[in-house]
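Chemist: Sequence plus predicted model, see below.
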Amino acid sequence: MAPYVSAHAGLYPTALRDANGMWIATNLYFLTPGYNTNLVKPADVPKTLDDLLDPRWKGKIVWSNARSAGRPIFVGSVLRHLGEDKGMAWLEKFSRQQVVNAYITARAVLDQVIAGEYPLALAIFNHHAVLSAQKGAPVDWIKLNPIAAPMQVTSLVKNCAHPNAGKLLIDFIASEQGQKVLAGADYLPAMPSVEAKTPSLKPEKGDFTPLYFPPDVLGRDGDRWDQLYKTLFR
């Protein structure tokens with residue numbers, strides 16, 4: 001990659017852009033639990049990590065086995081949120097909950113919850129729950145901390161054939177106009193001032209604090225977190 005600082009970079013918090021201009025976030029994903037509203041009563045919806053340790057959920061929580069669907073990020077979010085020692089202690093307890101590994105995407109996992117095969121899923125994309133609920137599905141997402149926030153980013157390729165064209169594209173995607181295009185396609189735009197179609201899906205209007213996972217953090221720790229997942233949950 002080649003460094004390039006977009007003219008719009010100042011409109012983004014430092015967590016959503018590389019200080020040296022190697023990348024800037026385009027859209028965000030918030031990984032949260034999702035649940036079937038017909039199967040889980042409002043009073044029983046888990047609100048904390050420790051609520052997930054309740055015996056009622058043993059064997060009834062499902063998540064995707066695909067690495068790209070967030071399994072290492074969930075492990076990493078617990079460790080970053082609680083600290084290594086307390087985080088590992090919690091993960092070891094949670095591993096005894098017999099979480100179901102589904103060999104499908106996170107979107108398909110949510111569909112299984114909607115169909116009533118499981119009452120609760122982990123590490124689903126919160127906007128998928130909203131899109132399905134808007135079509136009448138019995139599903140909702142939970143603001144349960146930590147809310148992991150991986151991101152899609154854009155970068156300029158080093159020694160590319162048309163670097164100026166690449167810079168113009170980055171500028172457009174990072175601009176308010178480009179971010180509104182993403183919002184219109186039901187993505188969650190990274191620019192804080194641009195709302196999603198459903199504003200509460202983003203922290204600015206949703207009253208939650210995300211734990212961002214920029215590319216350098218995933219590159220540094222992702223393999224270790226994935227190995228912990230394999231050790232504890234497979």
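Modeler: In hand now; what should we look at? Residues are numbered from 1 along each chain as shown.
Chemist: Please count neighbours and contacts with C-alpha atoms only from this point.
Modeler: Fine.
Chemist: Need the contact partners of the top strand by length along the chain.
Modeler: With secondary structure taken from DSSP state E, the chain has its longest strand at strand 147-154. The contact list for strand 147-154 (C-alpha atoms under 8 Å, 6 or more residues apart in numbering) reads 23-32, 73-74, 77, 170, 209-215.
Chemist: And those residues, which of them are buried?
Modeler: 23-32, 73-74, 77, 170, 210-215 (16 or more other C-alpha atoms under 10 Å).
Chemist: Please tell me how far the residue located most distally from the centre of the chain sits from Lys167.
Modeler: Most distant from the centre of the chain: Ala161, at 33.5 Å, with distances by C-alpha atoms, centre = their mean. Separation of Ala161 from Lys167 (C-alpha to C-alpha, to the nearest Å): 12 Å.
Chemist: Over to Thr209?
Modeler: Relative to Lys167, and taking C-alpha to C-alpha, Thr209 is found at 31 Å.
Chemist: sorry, back to before: of the buried ones among the contacts of strand 147-154, which belong to strands?
Modeler: Mapping the buried ones among the contacts of strand 147-154 onto strands (DSSP E) picks out Ile24, Ala25, Thr26, Asn27, Leu28, Leu31, Thr32, Pro210, Leu211, Tyr212, Phe213.
Chemist: Save the residues you listed as CSV, and put in distance to Leu82 and pLDDT too.
Modeler: Compiled in CSV, these are given as follows (distance: C-alpha to C-alpha, whole Å; pLDDT from 0 to 100):
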residue, distance to Leu82, pLDDT
Ile24, 28, 98
Ala25, 26, 98
Thr26, 28, 98
Asn27, 26, 98
Leu28, 23, 97
Leu31, 17, 96
Thr32, 17, 97
Pro210, 14, 97
Leu211, 12, 97
Tyr212, 15, 97
Phe213, 16, 95
